[in-house]
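Participant: Below is the sequence, then the predicted model.
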Amino acid sequence: MPMSADNSTGTISEFESFYREHLRLVHAVAVAHTADRDQAEDMTQETFLRAWRSFGQVRRLDPRAQRAWLCRTARNLTIDAWRRKQLDSAPASAPAAPRSDGESSDLRVDVGRALAELDEGDRELVMMRYLEEMNSREIGEALGLPEGTVRRRLVRCRELLASHLSQWARDGGVQ
């Protein structure tokens, strides 16, 4: 679909503003659903490509509904990618070679496992806060949650993650 400066789906400048306003949110959602940063980037771009194709409808939504549409689209794309990967993986495939960077690799694996223990919504909050460096107010606005609720949930998430990663603190790996 060719992009024109002014078409029935909205202007490029309107879409660019929409993109800039929501990029951090969509990226955080994609990262929360995949451990692969490259795949998260792909899912983010695909989400905005779909938003462009439907921009005539999306731009008429209220801001909260726009954010919900983007989050739902990003989640669905990551779920679809996961399903394709499961179908494509052959049962006889060899396991991935272990990483050679030892303890750092082990920590990343343990952090990934700890994050996987969080429910989907909490994982999104953690990604938005620590990966995208969004504050509680920004996260609340993006997800339609009160700022205090975001802070309380983040405290609970930190406690859960700390309990899962406590061995690293004892071993001197995490302070």
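Facilitator: Sure, I can see it.
Participant: Report the contact partners of L23.
Facilitator: Counting by Cβ atoms under 8 Å, 6 or more residues apart in numbering, L23 touches T44, F48. Where you see a C-beta, it was placed from the backbone N, CA and C, and this is true even at glycine.
Participant: And it, how close does it get to W82?
Facilitator: To W82, L23 is 22 Å away according to Cβ to Cβ, to the nearest Å.
Participant: burial count for D110?
Facilitator: D110: 16 surrounding residues under other Cβ atoms under 10 Å.
Participant: is it true that it lies in a helix?
Facilitator: Yes. D110 sits within a helix when classified using DSSP: H, G, I helix; E, B strand; the rest coil.
Participant: Show me the helices in this structure, by range?
Facilitator: 12-33, 37-53, 55-58, 63-88, 102-117, 120-126, 136-143, 147-164, 166-171 (DSSP state H).
Participant: got the angle between the second one and helix 63-88?
Facilitator: Put simply, helix 37-53 runs at 130 degrees to helix 63-88, going by axes from the mean of the first three to the mean of the last three Cα atoms, to 10 degrees.
Participant: Let me know the average pLDDT across helix 37-53.
Facilitator: Here helix 37-53 scores 92 as its mean pLDDT.
Participant: What of the last one?
Facilitator: Average pLDDT, helix 166-171: 69.
Participant: which one is the most centrally placed residue in the chain nearest to, not counting chain neighbours?
Facilitator: The geometric centre of the chain, computed from its C-alpha atoms, lies nearest to V29 (Cα atoms, centre = their mean), at 2.2 Å. Distance criterion Cβ to Cβ, 6 or more residues apart in numbering; nearest residue to V29, sequence neighbours excluded, is A74 at 4.3 Å.
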